[in-house]
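Asker: next come a sequence and a model predicted from it.
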Amino acid sequence: MDQKRLIAAIALSIGILLLFDLFNRPAREAQQQQQQAQVQQPAQVQQPAPRPGPAGPLGAPTDAAPAAGTPREPGARLPVQGPRVQGTLSLRGARLDDLVLRDYHETVDPASPLVRLLAPREGAAPYYAQWGWTAADGRTRVPGNDTDWQVAEGTTLAPASPVTLRWDNGQGQVFEIVLALDENYMLTAEQRVRNTGAESVQLLPWARIRRESTPPTQGFYILHEGFIGVLDARLREVTYSSAKDEAAKRSGIAFEQEGAGGWAGFTDKYWLTALAPVDPMARFRATFRAVPEAGPRGPEDRWQVDFAPPAPLTVAPEATGGGQALRLFAGAKEVHLLDAYQDRLGITDFDKAIDFGWFYFLTKPFFYALDWLFKLLGNFGVAILVFTVALKLAFFPLANKAYKSMARMKTLGPKMQEIKERYKDDPAKAQAEMMALYRTEKINPASGCLPIVIQIPVFFALYKVLFVTIEMRHAPFFGWIHDLSAPDPTNLFNLFGLLPFDPMQWSHFLHMPAWALIMGVTMYLQQRLNPQPPDPVQAKIFQWMPIIFTFMLASFPAGLVIYWSWNNLLSIAQQWTIMRQDRLAKAAHGAAVPVPAAKPKKG
């Protein structure tokens, strides 16, 4: 029975972790709501003087201090219009700081606001991409945050309609940024300098993505949010807290890597902003930065990812320096889209922006299977049900063997009880007789654990698919389930909506949805078909498991609870069929099937 003790210990450990998460969730959700409210802001508001940013070594983008005097008028803006994005680009500072995603809403309500990805510096949660130069020679005047760029070519940044920004420094150098947008979320920027002066100049072009506040995070240990990139062919993930700790030791630099190609940026649960060189073989230095700065409420964190060449560029007189060409992805982390960019543009491991986790080898194929079924059936919930049946068929031989062993053990229950009573004063002898009985009946007592062991990686892989892929976001099922990636909204404690109050206002633990109850009942029925553990302590633990898992899964995505419930029903049908066939087979061969004695009638 050591295996059953191990499974019980694993289950209880998972339960402790999940309960710990539940205890911390109310504070985390309150923080998320507060931070999410800060993100909602109008696209065009007055532009204040630039704030100072992190200074650094050569090539580190810096924010110039504002000049003294009266505040300037807001800078002009260039419209950005794509099939899937809309917004504006600030011509003051060459910042893309206003971008919303046209295909995604904040909630399942189609009338809710569109998801805003990038936001201006003057708002509560600035988030933007910017292109600029550093004067490596120390004398060339370069554009800064307060520089007003001119639109030299184009009127609106749109697919098949690139624009060129231009700025003359008055010293003989003309800076240009050529921007192009594709049909989805990818923008290409080429920086160049035309030197009409009498001397060579040394310049270092750079691009950066900057967040001037700490963004809201889900706070789950199975989901990475923060700095991310594939640099030098390795996935690099740094959380905001880790970046802050590391940057405190290295003058604001949390991580730095020089190499060819790759990409780096910020990842949220469903959204990504990332920079990548157009030429996969071009060498760049990518840097993650975390620098606290003074704000109206005290020190505030600033987060930055920047790309720059490893060395400055020298532009000779009457020559044009090509600078650098970088791509900026700013949009939703759609699996097929990231795969297409990876294959078509040569962006290394771009799909790893989605946190598929340790079970990547299962999680991504599971997604593709579910997505194919969704396109075939038109409903992700139905796709989950069909996919579960397919998994059952795939593991049928192994599970069938395990269930047969469990069925035989159940029929041997009276004999096992007899041995325990006969040798109750000699545990060693009882154990030896038990093992002899197993050998005679050709039963492996550990095989009953196989269905659970198999289900653990499958469960976590499917959990990842439901939790991290945006395709599952706001995907409906039937009835009251409008979002398979969110918890079931019904609640037993208000009689599923019949009583006019929300128990969740009193406590986040007063949430017991209908699908969690269905899962608990099916888990209990499945447990009743299993042989009773001989150890009374183990028996008590297993009796409580359906109740524990019901409360644990109450806050899980509805799609996962539906999967677990349906899987339990299929397991019940399989176990019942095997047990029935085993009884019939023994009866046909003259085997006596234990039948409980009838109780004498009273009276």
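Answerer: On my side now, so go ahead.

Asker: ok, the nearest residue to residue 162 once chain neighbours are set aside - contacts?
Answerer: Excluding its sequence neighbours, the residue lying closest to residue 162 (CB to CB, 6 or more residues apart in numbering) is residue 180, at 4.1 Å. Glycine gets a C-beta too; all of them are placed from N, C-alpha and C. Listed by CB atoms under 8 Å, 6 or more residues apart in numbering, the contact set of residue 180 reads 157, 162, 187-188.

Asker: tell me which of those fall in strands.
Answerer: Secondary structure assignment (DSSP state E) places 187-188 from these within strands.

Asker: ok, so of the contacts of residue 180, who is nearest residue 496?
Answerer: If you rank these by distance to residue 496 using CB to CB, residue 187 comes first, at 47.3 Å.

Asker: tally up the residues packed near residue 372, please.
Answerer: For residue 372, the neighbour count with other CB atoms under 10 Å is 12.

Asker: ramachandran angles for it?
Answerer: Residue 372 adopts backbone torsions of phi -60, psi -40, taken as degrees, to the nearest 10.

Asker: any idea of the pLDDT on it?
Answerer: The predicted structure scores residue 372 at 96 on the pLDDT scale.

Asker: biggest separation within the contacts of residue 180, which pair?
Answerer: Based on CB to CB, the longest span within the contacts of residue 180 runs between 157 and 188 and measures 10.8 Å.

Asker: find residues that contact each of those two.
Answerer: Applying CB under 8 Å, 6+ apart, one finds that residue 157 and residue 188 are jointly contacted by 179-181.

Asker: identify those among these that sit within strands.
Answerer: Those of these lying in strands (DSSP E): 179-181.

Asker: identify each buried residue in stretch 573-580, please.
Answerer: By neighbour count, and taking 16 or more other CB atoms under 10 Å as the criterion, the buried residues in stretch 573-580 are 574-575, 578-579.

Asker: I should have written stretch 481-497 there, sorry.
Answerer: In stretch 481-497, the ones that count as buried by 16+ other CB under 10 Å are 481-491, 493-494.

Asker: now render these as CSV, adding secondary structure, pLDDT and distance to residue 306.
Answerer: Rendered in CSV, the data for the buried residues of stretch 481-497 read as follows (DSSP: H, G, I helix; E, B strand; the rest coil; pLDDT from 0 to 100; distance: CB to CB, whole Å):
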residue, secondary structure, pLDDT, distance to residue 306
481, coil, 92, 43
482, coil, 91, 41
483, coil, 90, 36
484, coil, 90, 38
485, coil, 87, 33
486, coil, 87, 36
487, coil, 90, 39
488, coil, 88, 43
489, coil, 89, 42
490, coil, 89, 47
491, coil, 85, 47
493, helix, 80, 51
494, helix, 78, 51
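
Asker: closest to residue 234 out of those?
Answerer: Checking the buried residues of stretch 481-497 against residue 234 by CB to CB gives residue 485 as the nearest, at 29.5 Å.

Asker: the closest one contacts residue 559, correct?
Answerer: Yes - using CB atoms under 8 Å as the test, residue 485 is close enough to residue 559 to be in contact (6.6 Å).

Asker: what do these two both touch?
Answerer: With contacts taken as CB under 8 Å, 6+ apart, the residues that reach both residue 485 and residue 559 are 466, 472, 475.

Asker: out of the residues you listed, who's the most crowded?
Answerer: residue 466 (27 neighbours).

Asker: quick one: contacts for the most centrally placed residue in the chain?
Answerer: The central residue of the chain, meaning the one whose C-alpha is nearest the mean C-alpha position (CA atoms, centre = their mean), is residue 468 at 3.6 Å. Residue 468 makes contact with 223, 269, 354-357, according to CB under 8 Å, 6+ apart.

Asker: between those residues, which is nearest residue 434?
Answerer: residue 357 (40.2 Å).

Asker: go ahead and confirm the closest one touches residue 462.
Answerer: No - the pair residue 357 / residue 462 is not scored as a contact, 11.7 Å apart, by CB under 8 Å.

Asker: neighbour count winner among the two?
Answerer: Under the neighbour definition other CB under 10 Å, residue 357 and residue 462 were set side by side, and residue 462 has more, 27 against 17.

Asker: any idea which helix or strand carries that one?
Answerer: When elements are defined using DSSP states H and E, residue 462 is found to belong to helix 450-468.

Asker: could you give the average pLDDT over that helix?
Answerer: For helix 450-468, mean pLDDT is 78.

Asker: what does the next helix or strand after it contact?
Answerer: From helix 450-468 onward toward the C-terminus, using DSSP H and E, the following helix or strand is helix 514-529. For helix 514-529, the external contacting residues (CB under 8 Å, 6+ apart) are 406, 410, 480-481, 488, 490, 492, 496, 542-543, 545-547, 549-551, 553-554, 558, 561-562, 564-565, 568-569, 571-572, 575-576, 579.

Asker: from the chain's centroid, how far away is helix 514-529?
Answerer: Here helix 514-529 shows a centroid-to-chain-centroid distance of 29 Å under the convention CA atoms, centre = their mean, to the nearest Å.

Asker: can you list the buried residues in it?
Answerer: Within helix 514-529, the residues that qualify as buried by neighbour count (16+ other CB under 10 Å) are 514-520, 522-526, 529.

Asker: let me know the closest of these to residue 324.
Answerer: Comparing the buried residues of helix 514-529 against residue 324 with CB to CB places residue 515 closest, at 51.8 Å.

Asker: separation between that closest one and residue 475?
Answerer: According to CB to CB, to the nearest Å, residue 515 stands 15 Å off from residue 475.

Asker: likewise residue 261?
Answerer: In this structure, residue 261 lies at 34 Å from residue 475, with CB to CB as the measure.

Asker: go on, residue 569?
Answerer: Distance of residue 569 to residue 475, given as CB to CB: 22 Å.

Asker: where does residue 215 land in three-state SS?
Answerer: State at residue 215, reduced to three classes by DSSP: H, G, I helix; E, B strand; the rest coil: coil.

Asker: for my notes, confirm residue 266 occurs in a helix.
Answerer: No - for residue 266, which was evaluated using three-state DSSP, the result is strand, with no helix membership.

Asker: which residues does it bridge with?
Answerer: For residue 266, the residues forming beta bridges with it (DSSP bridges) are residue 227, residue 273.

Asker: neighbours of it, how many?
Answerer: Residue 266 has 24 neighbours, counted by other CB under 10 Å.

Asker: next one: the one 3 residues further on
Answerer: Number of residues near residue 269 (other CB under 10 Å) recorded here: 19.

Asker: what about the nearest residue to residue 522 once chain neighbours are set aside, helix or strand, and which?
Answerer: In this structure, residue 522 finds its nearest non-sequential neighbour in residue 568, 3.6 Å apart by CB to CB, 6+ apart. According to DSSP H and E, residue 568 maps onto helix 558-588.

Asker: what angle sits between that helix and helix 450-468?
Answerer: Our comparison of helix 558-588 with helix 450-468, counting by axes from the mean of the first three to the mean of the last three CA atoms, to 10 degrees, yields an angle of 160 degrees.

Asker: cool, thanks, signing off.
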